[in-house]
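Undergrad: I need the structure of the sequence given here:
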Amino acid sequence: MSSGTDKKDGWMETVKTVFWALVIAGVFRTLFFQPFWIPSGSMKETLLIGDFLFVNKMAYGYSRYSCPFAMCPFTGRIFATEPERGDIVVFRHPVTGSDFIKRVIGLPGDRVQMRDGTLYLNDTALPQEPAGDFSEVYARQGSAGQFPRCENAPVGQGGECLKSRTIETLPGGRSYPVLNIEDRGFADNTPAFTVPEGQFFFIGDNRDNSVDSRVPQNAGGVGMVPFDHLIGRASRVMFSSAGQSMLAFWTWRSDRFFHRLD
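TA: Okay, here's the model as predicted:
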């Protein structure tokens, strides 16, 4: 009798252990990290469609958007730390409420402008060093089945899709690749924007394929993003799949597993 009871008690203890482990993992994920799939090519080549990452929600402190559910019904932020230029950030669109991921370029007080495809920060052009081409297959990408845009268009399905690549460097030395699809693109020339206090200016690395802070909100763009709309910082790709389903293991990009983001 005691043997059977011991087995039952042991089984129940195992179930309880697994249950509480899942609860703790869920709370940890909800409080500190948020999963995010890359749905579009606006941050290529830094982020590819089908990349999966966890966003550090504590990177800039908690706001009503980074806090889980209704646990933080306040305005503003607590434990606030401002992002740095070059950070890759997930944020809530100020108008639509959709989640976006872009790179921080302008801090409060900065002047930001695009002139002939060159980014100017506080009236100084950011250095850009040519770095060859970014190459990908012209094929449908991600669950939406979108074809990439190519600088060498037209390209037949299965052909090589190319974009010019340069390495852009921010003040302080932080560098990252940016891509070009066309000269005189829709946001290659902009007015000079002055970033208001408490807000930030975001741009995608795939410059001609990103609707970001260069486009005002009344024209369907992102515009300036308030500090309390920032959800968290992305620093590493955990998993990546080039297919329309993550279950298609033959499309997994194993070279991007645990890939560090710059």
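
Undergrad: helices and strands of this structure: which one has the lowest mean pLDDT?
TA: One helix or strand of the chain scores below all others by mean pLDDT, DSSP states H and E: helix 2-32, with a mean of 52.

Undergrad: Distance of Ile101 relative to Thr124?
TA: 26 Å (CB to CB, to the nearest Å). For glycine as for every other residue, the C-beta is placed from the backbone atoms N, C-alpha and C.

Undergrad: Just want to know which of these two has more residues nearby.
TA: Ile101 (24 against 10; other CB atoms under 10 Å).

Undergrad: my read is that one is in a strand, agree?
TA: Yes - counting by DSSP: H, G, I helix; E, B strand; the rest coil, Ile101 falls inside a strand.

Undergrad: Pretty sure Gly41 is one of the things it touches, is it not?
TA: No - if you go by CB atoms under 8 Å, Ile101 and Gly41 don't touch, sitting 11.7 Å apart.

Undergrad: Would you map the strands across the stretch 101-250 of the chain?
TA: Here the stretch 101-250 of the chain has its strands, by DSSP state E, counting those that start in this stretch, at 111-115, 118-121, 124-125, 128-137, 160-169, 175-180, 193-194, 199-203, 225-226, 230-240.

Undergrad: Nearest the middle, which residue of the chain would you pick?
TA: Centroid-nearest residue in the chain: Ile101, 3.2 Å away (criterion: CA atoms, centre = their mean).

Undergrad: Enumerate every residue touching it.
TA: The neighbours of Ile101, taking CB atoms under 8 Å, 6 or more residues apart in numbering as the test, are Phe36, Ile38, Met43, Leu47, Ile88, Val89, Val90, Phe91, Ala234.

Undergrad: Out of these, the closest to Tyr65 would be?
TA: Sorting the contacts of Ile101 by how near they are to Tyr65, with CB to CB, puts Phe91 at the top with 7.8 Å.

Undergrad: Measure how buried the closest one is and give me the count.
TA: 28.

Undergrad: helices or strands next to the host helix or strand of it in the packing?
TA: Following DSSP states H and E, the helix or strand that holds Phe91 is strand 88-92. For strand 88-92, the contact count by 3 or more CB pairs under 8 Å, 6 or more residues apart in numbering; DSSP states H and E identifies strand 99-106, strand 199-203, strand 230-240 as packing neighbours.

Undergrad: Run through the bridge partners of the nearest residue to Val112 once chain neighbours are set aside.
TA: The spatial neighbour of Val112 that comes closest, neighbours along the chain excluded (CB to CB, 6 or more residues apart in numbering), is Gly106 at 4.2 Å. With DSSP bridges as the criterion, Gly106 is bridged to Phe201.

Undergrad: separation between Gly106 and Phe193?
TA: 7 Å.

Undergrad: out of the contacts of Ile101, who's nearest Ser63?
TA: Of those, the one sitting nearest to Ser63 (CB to CB) turns out to be Phe91, at 10.0 Å.

Undergrad: contacting residues for that closest one?
TA: Phe91 touches Tyr65, Asp99, Phe100, Ile101, Lys102, Phe202, Val225, His229, Leu230, Ile231, counting by CB under 8 Å, 6+ apart.

Undergrad: How about Asn56?
TA: Contacts for Asn56 (CB under 8 Å, 6+ apart) come out as Phe32, Phe33, Gly232, Arg233, Ala234, Ser235.
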